[in-house]
Structures are given as structure tokens and as C-alpha cells.
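[1] make a model of this:
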Amino acid sequence: MNIRSLTRGDGVVIGAAVVLFIASFLDNYSYNVDGASGLDMPNLWASGPVLLGVVFAGIIGAALVVLGRGLPQPRKVAGLELVQAGTAFTVVAALGALGNVIDPAGGANNIGSSSSGPDAGMGLILALIATLVMAGAAIATPLVPVLQAGLLPTPKPAAPQPYGAQPPGGYGYPGAPAAAAPYGAQPQPGQPFGQPQPAAPGAPQPAAQGAPAAAQPAAADFSPFWFAVPVTRPLFAEDGSPTPIAELAPGTWYLAVEQRGAQLIAQTQDGRRGVLQDTSGIQRG
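    Numbering: from 1, shown residues only. Model prediction:
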């Protein structure tokens, strides 16, 4: 699951689900009784219809929406994609909360001659607000560009190292410059085998042996760059195998190390290399 593919609308759905869970521990009913105070009202967990039709339906719907956005490949439940099924659950939860707020007693106040009954408690009212916001965000996210923006900021890629360049010299690296040792000293650990010792002061320097090395071939015009894909795309092996070795997900930066015609040789964060056949719409870093 790639959390960078989540949108601001998904963030609103997650926040509404948290509020709904908190509301489930508040009062389901409220009574206005003259001369009485401190009545112990049951919370939303004490009512089966409210618990199943509002709390569980809303939380399950939010989980399906977020899971459907984060998976690289769309999954289906009963012929519907996860986002669609989750949106339906949030709408059912909002309608259930609205019905319970309008008639919290569920028809029990119609028994007998008295029509008075309990009012909706704070937990039920807060659950209605949370489910309405949740359903609205789930429906509006594909339609409103502001809600389609990424929930997490896209990381800026580091400056790519020129292709073919060697890492800087350091301890243990064969190309690292070594400090001059006193005359007759032994090679230090980590010094490349066969490296000549520095000559003593005043000693003649040996002449360079052999002809100058041939000129290195000119570097290719292609330079590695960071890029991101607009949608999930497969990365195939360089040997031409039809089975993908990885999937490139939106919101993540990858390094293009070589170009083969219209295709790119991309490298993932774990070091795997493969061929990206579809390069349309990629974003360069």
C-alpha cells in the first residue's frame, strides 16, 4: 500500500472516521426531565441498529475508500471497486444516522397516549455530522480538484550523480589520495596493493612508463534524472521477460539510468533495475 497515493479527500474521510469512533462513546439519547439531573444515558454501543448501521458501516466504508486509493491495482468487492463500495457504505451510514436523529426512540414513543420520548444525544448528533462529512468527501474527491491533491507532500529528488561518475575518495577506496609516508615506511592498511611508495626527499623521480592512455570515449548525451509516473506502471526485466519485476507507483521518485529508444531503464529504491516501456506523462524531477 502506497500512502503517497492518498489524496486530501481521503484525509477528510480518515478524520471523519476518527470523529465517528469518538462519538460512539457519547450519549445516544438525551432527556429533559424537570427536577432530575445526571441521568445515565446509554452510548451508541448500547444500540444495535445504531452500532451496525451507523458506526460500523461508516468505519468500514472509510477503510474501503482509503484501502482502494492506496493499493497499486484496483480490487473489486461484489463487482464494485473498493472505493465505490466504501462510498456506498458511507452513504448508508449517513442515512442511518439521519434517521436515528429524527426518531431516536425508533417508534417506541408511539405506544400509549403520550407522544413524548427521548431526544438525540450528543453522540448521535456528532455521528450524523461525521458520516455526512465522510460521505461528502468520498463522493466529491473524484470531482473536486482541491480534494484530489496529494495528502502528503511530494519529496524533492536529490541532485542525481552524473552517469558513470565515481564516488568521492575515502577510507578504503582505491582512488583515495594517501598521505605521504616517511622514507622506508611500510604501506598502511587499506593502501592498494602495488602502489609505489613516495620517494625520499631529493631522490630523482622515476620517468613515466608506457605511452599515454588512450582518450576515454565521450560521454553519451543522456544524463540520469529523477522521475515520477502519473499512474501505476509495470517495470519489466532487461532480458525481455514479459513478467513484471516491480511496479512503479505514483508519488514516488525513481531514477532513470539509461534510455533505449522510447523506453527507460529505471532503478527502484531497493536497487532493482528494469525497463519502463510506457513513458508517457512522466514527471521529471
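[2] list the buried residues in the helix or strand containing residue 87.
    Assigned by DSSP states H and E, residue 87 belongs to helix 82-102. For helix 82-102, the buried set under the neighbour-count rule, 16 or more other Cβ atoms under 10 Å, comprises 82-97, 99-101. For the C-beta atoms, the positions are set from N, CA and C on the backbone; glycine is no exception.
[3] which residue ranges of the stretch 1-150 of the chain form helices?
    8-23, 48-50, 57-70, 82-102, 122-140, 145-148 (DSSP state H, counting those that start in this stretch).
[4] quick one, which of the ones you listed is nearest to residue 238?
    Comparison of the helices of the stretch 1-150 of the chain against residue 238 by Cβ to Cβ identifies helix 57-70 as nearest, at 29.0 Å.
[5] name the helices or strands packed onto the closest one?
    Applying 3 or more Cβ pairs under 8 Å, 6 or more residues apart in numbering; DSSP states H and E, we find helix 57-70 packed against helix 8-23, helix 82-102, helix 122-140.
[6] mind checking those for the one nearest to residue 228?
    Of all the helices and strands packed on helix 57-70, helix 8-23 comes closest under Cβ to Cβ, at 18.2 Å.
[7] now do the closest one, average pLDDT.
    Across helix 8-23, pLDDT averages out at 94.
[8] which elements pack onto that helix?
    Counting contacts by 3+ Cβ pairs under 8 Å, 6+ apart, helix 8-23 is packed against helix 57-70, helix 122-140, helix 145-148.
[9] what's that helix in contact with?
    With contact meaning Cβ atoms under 8 Å, 6 or more residues apart in numbering, helix 8-23 is reached by 44, 54-55, 58-59, 62-63, 65-66, 69, 90, 93, 122-124, 126-127, 129-131, 133-134, 137-138, 140-141, 144, 146-151.
[10] from those residues, list the buried ones, please.
    Buried members of the contacts of helix 8-23, scored by 16+ other Cβ under 10 Å, are 44, 54-55, 58-59, 62-63, 65-66, 69, 90, 93, 123-124, 126-127, 129-131, 133-134, 137-138, 141, 147, 150-151.
[11] how about residue 272, nearest residue that isn't a chain neighbour?
    Leaving aside its sequence neighbours, residue 272 sits nearest to residue 246 (Cβ to Cβ, 6 or more residues apart in numbering; 5.6 Å).
[12] cool, thanks, talk later.
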